[in-house]
Every structure is written in C-alpha cells, then in structure tokens.
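K.L.:
Give me coordinates for this.
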Amino acid sequence: MQKITSSQAPKVIHILTQSFRTNPSALWVIKQDNKVQDRLRALVEYAVKTGLENDGVFLSDDESAAAICFKEPAKTSLSSYLNQLQLIRKAIGISRVPHVLKRESYLKKHRPKEPHLNFWFLGVDPACKGGDGVYDLKKGIFHLSKEQHLPILVETSVERNKNVYEQFGFHVYHIWKQSPDYTLWFMRRN
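P.N.:
Sure, this is the predicted structure:
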C-alpha cells in the first residue's frame, strides 16, 4: 500500500468514481439529474481532497484499488471549507443541503467521540477485478490501526460489503434504516 501524493489523485478519483457508480449512499448524497456521473465525480474529488489534507489517501501497490482512511477528528482549514462549498456547488446542489446536513448530524451522533480511523472510501478499478489490491489496502490499513492504537470505523449501505467487512473482523454497532430501500450499517474493528 502506498500513500498517494496529489499527482496520483486522478488515478484514485477514477477508481473510486467507477466503484461508486451504483453505491446507494453516494447516490443519495448527490443531486439526481442528468449530471449524476459528473456529480459523483465531484463527490469523489471532494473526498480525495479531504483525504489528502488528512494524510489518508492510499493506492494498492498494484494500483488496482484505492482507499480513503484517516484519523478522526479530521483537520479543518480554510481550504477544507472551500472544498465543502465546491461539493455543494458541483455535487449536492443548494436544495439538498438541508437533507445532507440532517443526515450528517445523524451520522455524527452515532459515531464514537474518541479518536479513530475513518475508513471512508474503498474501491477497486472494475477493469482490474480479481487483483490483490483490496487485500493490500486491508493489510496496510489494519497496520495503521495497530500502529496508532486506533479502532477503524466504516459505514456501508451495501449488504455485500457489510458481509465482507464482517469477514475482516468488523462488527455492526448500529443500523440505520433510512427508508425501505436504504439501510446504513455502522461498523467497527478494534
């Protein structure tokens, strides 16, 4: 696993945008119109910029998978606020801001207050299925967790991913049934 530099960001953005094309949680956040794919890319760009500010964007050694995982509480700066304004303009849309803020408030309320690693995004390049990229990232992030003595938290809206995380030692500590079609699992690995 390698920590990326800003010059490698386009590769990570490509991987994560392709991986999250059908992700219910990502699609819920962005405005649904004829620009959905552009808006999804803008959401991923926001996440990568946030991850870079917090030294938490990684690429597998074979460059087939990418992850954003950093220590919470995250750093805040003027550039992070400007990044959030770009997210609103390019991905969420003004009309969705109250809904997204309400969701973020709920998420924050159910996350532990103590420091932890926020395993925010994980994706595999669809053209590289079957590679070892995810296992490389898993091993690297578990090493970070052990080295920093921090638990890892992840939220997923994809049941298949929840099952994989459970195989990796995560356990569900909260379930949010936001609608009949949308469940979000809060998971933790100590």
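K.L.:
List the residues that contact Val124.
P.N.:
15, 19, 64-65, 131, 133-134 (Cβ atoms under 8 Å, 6 or more residues apart in numbering). Yep, even glycine has a C-beta here, placed from its N, CA and C like the rest.
K.L.:
same thing but 7 Å
P.N.:
19, 64-65, 133-134 (Cβ atoms under 7 Å, 6 or more residues apart in numbering).
K.L.:
Relative to Asn83, which of those residues is nearest.
P.N.:
Distances from Asn83 to the contacts of Val124, taken as Cβ to Cβ, are shortest for Ser19 (20.8 Å).
K.L.:
how near is the closest one to Ala65?
P.N.:
To Ala65, Ser19 is 9 Å away according to Cβ to Cβ, to the nearest Å.
K.L.:
So between the two, which is more surrounded?
P.N.:
Between Ser19 and Ala65, counted using other Cβ atoms under 10 Å, the more crowded position is Ala65 (27 against 19).
K.L.:
nearest residue to the more buried one other than its sequence neighbours?
P.N.:
Nearest residue to Ala65 in three dimensions, chain neighbours excluded: Gly133, at 3.0 Å (Cβ to Cβ, 6 or more residues apart in numbering).
K.L.:
Show me the strands in this structure, by range?
P.N.:
Per DSSP state E, the chain carries strands over the ranges 2-3, 57-59, 65-72, 116-124, 152-156, 171-179, 182-189.
K.L.:
quick one: strands adjacent to the fourth one?
P.N.:
By that I understand strand 116-124. Applying DSSP bridges, strand 116-124 is found paired with strand 65-72 (antiparallel), strand 152-156 (parallel).
K.L.:
wouldn't the residue nearest to Ala65 be in contact with Leu59 here?
P.N.:
No - under the criterion of Cβ atoms under 7 Å, Gly133 is not in contact with Leu59, lying 8.3 Å apart.
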